[in-house]
Structure formats: structure tokens, C-alpha cells
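[1] Any chance you can model this:
(2 chains)
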Amino acid sequence: MVAWQAEVTWPLPDWKDKFAIVGIGETKYTRRSGVSTTALGLEACKKAVDDAGLSVKDIDGFIEGWAGMGASNEEIQNAFEMPHLVFSRGFGGGVSIIQGLQTAMGFLAAGLCNYVLVTVATNGSSEFRATNLETNAGVPMMMQGGDLSYMMGNWFSPFGMEGTSLWYTHVCQRYMHDFGLEHRHLGALASTFRSHALLNDNAMTRDKGPLSIEDYLNSPILVDPFHRWNYSLQSDGGGAFIVTTAERAKALKHPPVYIMGIGVSHPTKPNNIYTRREVWWGHKWAAPMAYKMAGVTVDDIEFAELYDGYIFVALIQIAPLGFATPEGAGPFCMPEENNIQLGGKVPFNTHGGLCSQAHILGVNHVCEAVKQLRGQAGAAQVKHNGKNAEIGIVTGAGDLGDGGVAILRR
Amino acid sequence: MVEYTKPLPTPTHEDKEFWFAAKRHEFLLKKCHDCGAWVWFTDPMCTECQSMQMDWVPSPGKGTVFTYNIVYRNFTRGFTDEDLPYINAIVDLDEGARMFANLVECKPEDVKIGMPVELFFEDVTEEFALPRFRPAKA
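    Numbering: from 1, shown residues only, chains lettered A, B, ... in the order given. Okay, here's the model as predicted:
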């Protein structure tokens, strides 16, 4: 024992000789590359894939080597077209929480660690407000990491395309055109989420009263086709959760909430809203992966906490999750169908969601799902046939269309 | 010229050919040298074949609106309420590539998915011209 070397008293996994490096790629190292960091990253990645004797379609896991530093995950995925990825870790925006859960599971499965803590916090109201152009300056570029900043700087900002609603209104407009989605359908979702928030002590809108579909339709259109109540809240707050193995979970305080299945994926052209050919986000791949891993179908799902950066972002997940067809997703939400409200077939956003509880970057959705499955959701407790809900879904959705789905059970 | 307060592009290695041509009021599209697929201006690599060899080809700039939005509340630095409302349009060009620009000379109530449009350039500063779409002349 010496002062400059610690004595390792804690267990390590038996990983010796279990993994190998099989391909490497390097660009020329210079003083002036003459190309973007994205180009450098792509060149190196392609060389590594070729060196391993693989094709880009063989790659089903991706890790951004230095988060936020050039050649971001989405730039690479854009060029390699990788919706078949099973795992990716890089800047994820609103899918980060589900990526975090998936990463935790991976390391627990490998035996690297025992208890993984996942967290996020924000001062999205008092510090960075998306609607305050002073605090917003430069953030759209920073938030996306790497060379997506050039896409933002050259093809969004000069044209007045800053702000996430400027991007997703394009998708909503096309969804309305292709599948007959109407404003009142979005109003029904917003109205239902608000009704759930009114039951929640920790909802920012609990004193604001109900939001009717008429209220939604009468609110001004900020960016067509988004009415004002399509937008989520700006909030300060934090959330966290701890993940461990099923075995260790049984010895702890509360009944465990198990992860039955999980999927994370990205749309084709994940960093480009202009060249994408279809409206679908990563849930198109993430939901089937989660269901397949879980061995359940949509008929087993009793509630869903859907990442609702906008009401429309929740809507676009409904068909990929299997609740309805693309055309049926809007009508599915109407109150007379008795689907998505508490007491209905499969309540959505029982806490009010990002739109009516608070925008805590999706961690509040995980916490609400866990409370539901522990029977701790109070007035918003989902029950079917007199029994507390047994299986539920929580999702993430990141800019510009990443999707994450976790299926949980008690 | 009146002071221009809106953000300006920073031409990059990948898209500077577009901006140089734009200043000359010429519309160039980026195309993969190896497989001929259209490549977005800021992409260094072709998605179809992963080549990094690119060509720049002229385009007549004619197409139809694939989707759009209409901005009634400002979210962009350097834009003001005097710019409202304005229309953003993602366009399917006749040759199969996608393009994006503001759609001008068009009332908000008249923009439709599928409407024919044509691209032109507007000088905004000494250094830069921006692409714009307008409804195609019959």
C-alpha cells in the first residue's frame, strides 16, 4: 500500500478477455483540416467499419466519444442511415432519459455496477426560457452539439426557423395533410392532460382550472398549425431515479417496478427536418423493439406517459405505439371514445405531462409511471377491474425526432 | 442599405459553394459524384453510398410545396414583429431533391401543400443573398 495508489476493496466484474477492438480508422492529422469536424468523424468511422470488414448496417450501437464535441451521433447516423440502431448514447434531447435508463440496464447486465442513478434538472423557466430571445441566443446551436450548429446557423436562423415549434409544425402540417388530423384532436389531448394535472399537487397548472377543446381552438395560433396550448410549459425543477437488478430490487424498500422492454431509435435523417421523407419519429423502431423485448402487445398496456414537448409530439407516437392507425390517432383522443382520460381504456399523461404538469425533460414521466405501478398515484391512480395498473409505458422524444419507449410493470 | 439585423449564414466547408453561387443569383444543388444521389448542403457524406466526393449542379429551382408553417409569433433573434407573419416552405424540386426557403409574395391563406413554386434570390447584405420561393407564374 502506497499513498499514490488506492487499494481496491470493492468488487469488479469478470470482464477479462471478454471484449475486443476489431476495427480502427484515422484521418490525416494536420494543422488545418479544411473540412468540418463532421467530415473528419465520418471519414474515421467509415474507415473503422471497413477495417473491421463490416458494413455500416452491422453497427447497432453508437457512442459519441466526447459529448458535444464535433461529429455528433446524429450527424454520423444521418450519413450512415441507422434507424436499426439498438443502442446509441450521445446528445439525445428529450430521449435522453430513456437512453439513460437503457445505458443503466446495459452496465447492470454486464455486472459493472450495482445501483445506477439517472438524473436531470433544469431552470427552463427562470433561466433559459425558449420564448426569451435574449437567453435563447445561441442555445439552439449549443443544444444540438457538434456540427449540427452549421445546419442551425445556416439553414434555420437566417430564415427565422429558430425554436423547436418552427421545426415540428412542418411535420404536423404534413401529418394533417396525409392522415386527416384536426386541430380539435390536438385540443382533446391538451384538454385531457390538463384535467389530469388538476389532480396533481406538483402540477404547475393545478390552479388554472380546466382547458376545454374550445379553449384550445380559441387560443391564438403562434406558428401554424400549432395553437398556443399545443406548447409545453417552461419550468424549473429536477428529477432522478435509481436502476438496479431485479434481484437487488427485491431487498429494498418499495415493491420493484421492472423494465419489461426498452427501445431507443432515431428517424431517418435524424438531424435534418428538410430532407426527411416521412413524418415518423424514432418510435417507429423503438416501440416494436420494446414490445418484442417485453413479450407483450399494445392490448396489455394500461396507461402511457408520453413525452409531450408539444401536444403534437405525443400525437405522433400513438400509431407507432399501436394504439391506433395514423388516421385513427386523432379520433382516438376524443373524449367520447373514452380512451385517454382517467377512467378510460388507457389513460395518457396521468400527471399532466410536460404540457400541464411541468417540463422536466421527461424525468417526471418516469417518476409518474413508477408511482402508478406502486399504487401511489393518489387521485390519478389508474385501475382496471378494481385492480391497480400492472403494465404501463413511458416514452422519450428528442429533437429532431428521436424516440424512446420503456415498458414497465409491477 | 438599411441595417440588416437578421442572422446571416457562416459558409462552411460543405456548403460554401451554395452561398458563393447564391450571391451570383445562381442555384446549385449538391450531388454525390459516385451514385448521383442528392446530398443536403451541410452534409459531407452521401447517405446512399457513403462517398465523400461531391459535385455541384445547377437547378432551375422549380417544384411543389411538401410542407410548410406560418409564423405569427416571433421566436428568432434579429427578426421582429414587423416581419410577421411569414411562411417557411419545404419544397420537392422537380428533379427530386428537397429545398427549403421562406415563401414570399403569397398570402398565408393561399399556401397549400402541392402548390407549384419557383426559387429566386434576394440580396440581403453586400455579402449575402438568400434563396426565396414564390408561387410559380402560370
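[2] Could you check how far residue A:111 is from chain B?
    36 Å (Cβ to the nearest Cβ, to the nearest Å). In this view, the C-beta of every residue, glycine as well, is placed from N, C-alpha and C.
[3] what residue ranges in chain B score low on pLDDT?
    Low-confidence segments of chain B (pLDDT under 70): B:1.
[4] secondary structure class for residue A:262?
    strand (DSSP: H, G, I helix; E, B strand; the rest coil).
[5] how much space between it and chain B?
    The value you get for residue A:262 to chain B, if Cβ to the nearest Cβ is used, is 27 Å.
[6] next one: residue A:299
    From residue A:299 to chain B the distance is 33 Å (Cβ to the nearest Cβ).
[7] and that residue, helix, strand or coil?
    helix.
[8] likewise residue A:171?
    Looking at residue A:171 with three-state DSSP, the answer is helix.
[9] okay but it is in contact with residue A:274, surely?
    No: counting by Cβ atoms under 8 Å, residue A:171 does not reach residue A:274; the two are 11.3 Å apart.
[10] Who has more neighbours out of the two?
    residue A:171 (25 against 20; other Cβ atoms under 10 Å in any protein chain shown).
[11] got the contact list for the more buried one?
    Neighbouring residues of residue A:171 by Cβ atoms under 8 Å, 6 or more residues apart in numbering or on different chains: A:273, A:279, A:312, A:316, A:401, B:67.
[12] First residue to last residue on stretch B:36-45, what's the distance there?
    12 Å (Cα to Cα, to the nearest Å).
[13] Check stretch B:46-61 too.
    Rule used - Cα to Cα; the end-to-end distance of stretch B:46-61 is 21 Å.
[14] go on, stretch A:346-356?
    Start-to-end, stretch A:346-356 (Cα to Cα) is 18 Å.
[15] Buried residues, it. List them.
    A:346-356 (16 or more other Cβ atoms under 10 Å in any protein chain shown).
[16] cool, stretch A:364-375 as well?
    Counting neighbours by 16+ other Cβ under 10 Å, stretch A:364-375 gives A:364-373 as buried.
[17] Quick one: the residues you listed as a markdown table, columns for distance to residue B:109, pLDDT and secondary structure too.
    Output for the buried residues of stretch A:364-375, formatted as a markdown table (distance: Cβ to Cβ, whole Å; pLDDT from 0 to 100; DSSP: H, G, I helix; E, B strand; the rest coil):
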| residue | distance to residue B:109 | pLDDT | secondary structure |
| --- | --- | --- | --- |
| A:364 | 39 | 95 | helix |
| A:365 | 38 | 97 | helix |
| A:366 | 43 | 96 | helix |
| A:367 | 44 | 95 | helix |
| A:368 | 41 | 97 | helix |
| A:369 | 43 | 97 | helix |
| A:370 | 47 | 96 | helix |
| A:371 | 46 | 96 | helix |
| A:372 | 45 | 97 | helix |
| A:373 | 48 | 96 | helix |
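[18] Please report the distance of the residue nearest to residue A:156 when sequence neighbours are not counted from residue A:332.
    What sits nearest to residue A:156 in space, not counting adjacent residues and going by Cβ to Cβ, 6 or more residues apart in numbering or on different chains, is residue A:162, at 5.9 Å. Residue A:162 sits 33 Å away from residue A:332, going by Cβ to Cβ, to the nearest Å.
[19] Among those two, which residue is more densely surrounded?
    With neighbours defined as other Cβ under 10 Å, residue A:162 and residue A:332 compare such that residue A:162 has more, 26 against 22.
[20] residue contacts, the closest residue to residue A:361 other than its chain neighbours?
    Leaving out its chain neighbours, the residue that sits closest to residue A:361 by Cβ to Cβ, 6+ apart is residue A:120, at 4.8 Å. Listed by Cβ under 8 Å, 6+ apart, the contact partners of residue A:120 are A:96-97, A:238-240, A:360-363.
[21] can you map out the helices along the stretch 301-410 of chain A?
    Counting by DSSP state H, counting those that start in this stretch, the stretch 301-410 of chain A has helices at residues A:311-318, A:329-332, A:353-356, A:363-374.
[22] Count the neighbours of the residue nearest to residue B:129 when sequence neighbours are not counted for me.
    In space, residue B:129 comes closest to residue B:121 once its chain neighbours are excluded; the distance is 4.3 Å by Cβ to Cβ, 6+ apart. Residue B:121: 19 surrounding residues under other Cβ under 10 Å.
[23] do the same with residue A:73
    Neighbours of residue A:73 (other Cβ under 10 Å): 26.
[24] and what of the one 10 residues further on?
    Taking other Cβ under 10 Å as the criterion, the count of residues near residue A:83 is 17.
[25] Could you do residue A:180 as well?
    14.
[26] mind checking pLDDT for it?
    For residue A:180, the pLDDT comes out at 98.
[27] State the distance from it to chain B.
    Distance from residue A:180 to chain B, by Cβ to the nearest Cβ: 13 Å.
[28] I'd guessed that residue sits against residue A:325; true?
    No: using Cβ under 8 Å, residue A:180 is not in contact with residue A:325; the gap is 10.7 Å.
[29] tell me the SS of the residue nearest to residue B:129?
    strand.
[30] How far off centre is the lengthiest strand in chain B?
    Counting residues, the longest strand found in chain B (DSSP state E) is strand B:62-71. Put simply, strand B:62-71 sits 11 Å off its chain's centre (Cα atoms, centre = their mean, to the nearest Å).
[31] Okay, now the sheet partners of that strand, with direction.
    In the sheet, strand B:62-71 lines up against strand A:221-224 (antiparallel), strand B:86-93 (antiparallel), strand B:116-123 (antiparallel) (DSSP bridges).
[32] picking up where we left off before, from residue A:312, how far off is the residue nearest to residue A:156?
    For residue A:162 relative to residue A:312 (Cβ to Cβ), the value is 18 Å.
[33] closest to residue B:134 out of the helices of the stretch 301-410 of chain A?
    helix A:311-318 (28.4 Å; Cβ to Cβ).
[34] So what touches that closest one?
    By Cβ under 8 Å, 6+ apart, the surrounding residues in contact with helix A:311-318 are A:94, A:168, A:171-172, A:175, A:181, A:185-186, A:189-190, A:193, A:226, A:229-230, A:279-281, A:283, A:287, A:306-308, A:324, A:329-330, A:332-333, A:348-349, A:353, A:355, A:395, A:397, A:403.
[35] In chain A, mark out all the strands, start to finish.
    Counting by DSSP E, the strands of chain A are A:61-63, A:87-89, A:116-123, A:221-224, A:226-227, A:236-243, A:258-265, A:304-305, A:383-384, A:387-388, A:391-398, A:402-409.
[36] all strands of chain B, in order?
    B:28-32, B:38-39, B:54-58, B:62-71, B:86-93, B:98-103, B:116-123, B:129-135.
[37] could I get the ones you listed as CSV with distance to residue A:76?
    Converted to CSV, the strands of chain B look like this (distance: least, Cβ to Cβ, whole Å):
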stretch, distance to residue A:76
strand B:28-32, 17
strand B:38-39, 15
strand B:54-58, 18
strand B:62-71, 26
strand B:86-93, 23
strand B:98-103, 21
strand B:116-123, 30
strand B:129-135, 28
